[in-house]
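**Q** structural data only, the sequence is not supplied:
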């Protein structure tokens with residue numbers, strides 16, 4: 001039976017997470033944002049929180065803020081608030097720096113912690129910055145690793161051997177949305193005494209992640225995508241407690257010292273993952289992230305993951321029902337355990353179609369050569385939003401509007 005708008009409205013009426021939509025600021029225009037894989041929605045509490053921060057803390061306290069506010073506690077507080085979304089355990093997630101810096105810190109730390117092997121095993125489906133960090137380690141480290149970049153998942157699975165020191169992967173492919181079986185990869189890696197480093201940027205806040213249960217070693221992720229930390233918001237890192245005391249962090253900074261305000265001349269690393277904090281935290285960015293963290297700590301992750309699955313299933317079904325005869329094909333795996341936070345699909349005119357969608361008030365994203373992505377934020381997207389977005393896409397394809405000259409210059 002064909003899916004219609006009424007069916008989507010009925011799903012919304014039964015949604016246990018529907019109340020969270022009001023916790024995010026809606027756009028003034030009737031724009032449907034399907035770009036949570038690039039930028040999450042703004043928590044509605046942000047403007048008032050920033051106004052209070054500027055007036056009550058920055059203006060009135062200035063340097064006293066370090067002692068009389070929660071500025072220094074935010075990295076740990078936010079980490080604890082989002083930990084249940086990735087099965088990380090309390091006290092093991094630190095919010096700091098950006099994803100690239102955290103990848104460098106953790107990959108280097110893992111390299112120094114390795115038991116054996118001389119190769120970092122990865123794939124070309126990793127986000128480019130992940131690959132660049134590994135290449136930089138190869139170029140600059142006094143004990144440089146070999147970097148094996150596999151061209152396919154099959155090749156990577158066939159490349160596990162006793163020379164493998166670290167398996168270094170994005171949990172979900174940033175283009176197709178295809179997801180690795182984390183538990184299986186960790187098991188295979190540990191069987192040959194290798195460590196695992198995961199990039200969760202396209203996973204946490206959308207799909208099931210269980211770092212502890214799946215026995216991962218290290219993880220890093222982006223804050224401003226599904227987690228709604230705000231543009232350029234702080235990233236996070238996770239260290240399995242069994243590795244927390246393996247050695248000094250890659251970058252020894254005063255925020256990772258055992259006693260920050262001792263101003264000691266000798267470095268003493270903080271216990272646990274906190275030692276990987278470096279310099280002064282990004283206070284304003286963390287105030288924004290804390291607004292999202294207050295929401296996340298109220299979210300039942302099982303409800304979150306169930307809704308994300310249902311949104312993704314609906315998106316794929318509607319794309320095929322409404323646009324399959326118009327050249328749209330699904331790129332993302334149908335099996336939920338194999339797909340990440342976004343739904344990827346192709347069309348011969350993907351770039352111009354993406355621009356036409358923007359003009360029609362549907363914000364997705366485009367990746368060359370012909371892939372479109374709808375990133376699904378379960379807390380603020382409704383099922384009817386999906387219906388409306390696909391309906392607008394169908395009109396663009398049926399009319400051929402995407403072929404207009406004004407849509408041929410394509411943005412990222």
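**A** Done, it's in. Note that this is a predicted model, so its numbers are computed, not measured. Numbering: from 1, shown residues only.
**Q** next, the buried residues of stretch 81-95.
**A** By neighbour count on 16 or more other Cβ atoms under 10 Å, the buried set for stretch 81-95 is 81-88, 91-95. Every C-beta, even on glycine, is put in place using the N, C-alpha and C of the backbone.
**Q** tell me the mean pLDDT for that stretch?
**A** Throughout stretch 81-95, pLDDT has a mean value of 97.
**Q** same check, this time on stretch 184-193
**A** Here the average pLDDT along stretch 184-193 is 98.
**Q** enumerate every residue touching the spatially closest residue to residue 108 that is not a sequence neighbour.
**A** Distance criterion Cβ to Cβ, 6 or more residues apart in numbering; nearest residue to residue 108, sequence neighbours excluded, is residue 250 at 4.2 Å. Taking Cβ atoms under 8 Å, 6 or more residues apart in numbering as the criterion, residue 250 is in contact with 104-106, 108-109, 112, 276.
**Q** could the buried residues of stretch 81-95 go into JSON lines alongside distance to residue 307 and secondary structure?
**A** Converted to JSON lines, the buried residues of stretch 81-95 look like this (distance: Cβ to Cβ, whole Å; DSSP: H, G, I helix; E, B strand; the rest coil):
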{"residue": "81", "distance to residue 307": "19", "secondary structure": "helix"}
{"residue": "82", "distance to residue 307": "17", "secondary structure": "helix"}
{"residue": "83", "distance to residue 307": "20", "secondary structure": "helix"}
{"residue": "84", "distance to residue 307": "16", "secondary structure": "helix"}
{"residue": "85", "distance to residue 307": "13", "secondary structure": "helix"}
{"residue": "86", "distance to residue 307": "17", "secondary structure": "coil"}
{"residue": "87", "distance to residue 307": "18", "secondary structure": "coil"}
{"residue": "88", "distance to residue 307": "21", "secondary structure": "coil"}
{"residue": "91", "distance to residue 307": "28", "secondary structure": "coil"}
{"residue": "92", "distance to residue 307": "26", "secondary structure": "coil"}
{"residue": "93", "distance to residue 307": "23", "secondary structure": "strand"}
{"residue": "94", "distance to residue 307": "28", "secondary structure": "strand"}
{"residue": "95", "distance to residue 307": "25", "secondary structure": "strand"}
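**Q** what's the farthest-apart pair in the residues you listed?
**A** Greatest spacing in the buried residues of stretch 81-95, by Cβ to Cβ: 87 and 95 (17.0 Å).
**Q** let me know the closest of the buried residues of stretch 81-95 to residue 263.
**A** Using Cβ to Cβ, those come closest to residue 263 at residue 94, 21.5 Å.
**Q** isn't that closest one up against residue 236?
**A** Yes: applying Cβ atoms under 8 Å, one finds residue 94 in contact with residue 236, separated by 6.5 Å.
**Q** need the overlap of contacts for these two.
**A** residue 79.
**Q** spit out the contact partners of the most centrally placed residue in the chain.
**A** Central residue of the chain (Cα atoms, centre = their mean): residue 201, 2.2 Å from the mean position. Contacts for residue 201 (Cβ under 8 Å, 6+ apart) come out as 99, 127, 170, 174, 220-222, 225.
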